[in-house]
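only geometry, no sequence info:
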């Protein structure tokens, strides 16, 4: 698991976003719609909040930044 986390963190630094927000172990990357990869949520660390609460928070943040819609892969 440490190797996976290392590569996720490395990738986040290679393709930077304009803005970042850390929330309960998750990294929200925000580029105001310029790039799909950079507009993403990365669950890098364990958190304490319920998944549904974290998801609602993230969706609200992207909505507040003026990004509509949500794609789950």
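Sure thing, it's come through. Not measured: the values here are computed from a predicted model.

all contacts plus neighbour counts: C-alpha atoms, from now on.
Will do.

any low-confidence regions in this structure?
Flagging of the chain using pLDDT under 70 yields the residue ranges 1, 32-37, 68-73.

what about the strands in it?
Assigned by DSSP state E, the strands in the chain fall at 19-23, 26-30, 40-43.

mind giving me TSV with those strands and columns for distance to residue 54 and mean neighbour count?
Shown next, in TSV, are the strands of the chain (distance: least, C-alpha to C-alpha, whole Å; neighbours: other C-alpha atoms under 10 Å):
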stretch	distance to residue 54	mean neighbour count
strand 19-23	8	14
strand 26-30	9	20
strand 40-43	10	17
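
out of these, nearest to residue 10?
Nearest to residue 10 among the strands of the chain is strand 40-43 (12.3 Å), distances taken as C-alpha to C-alpha.

any residues touching that closest one, and which ones?
Residues outside strand 40-43 that contact it (C-alpha atoms under 8 Å, 6 or more residues apart in numbering): 25-30, 58.
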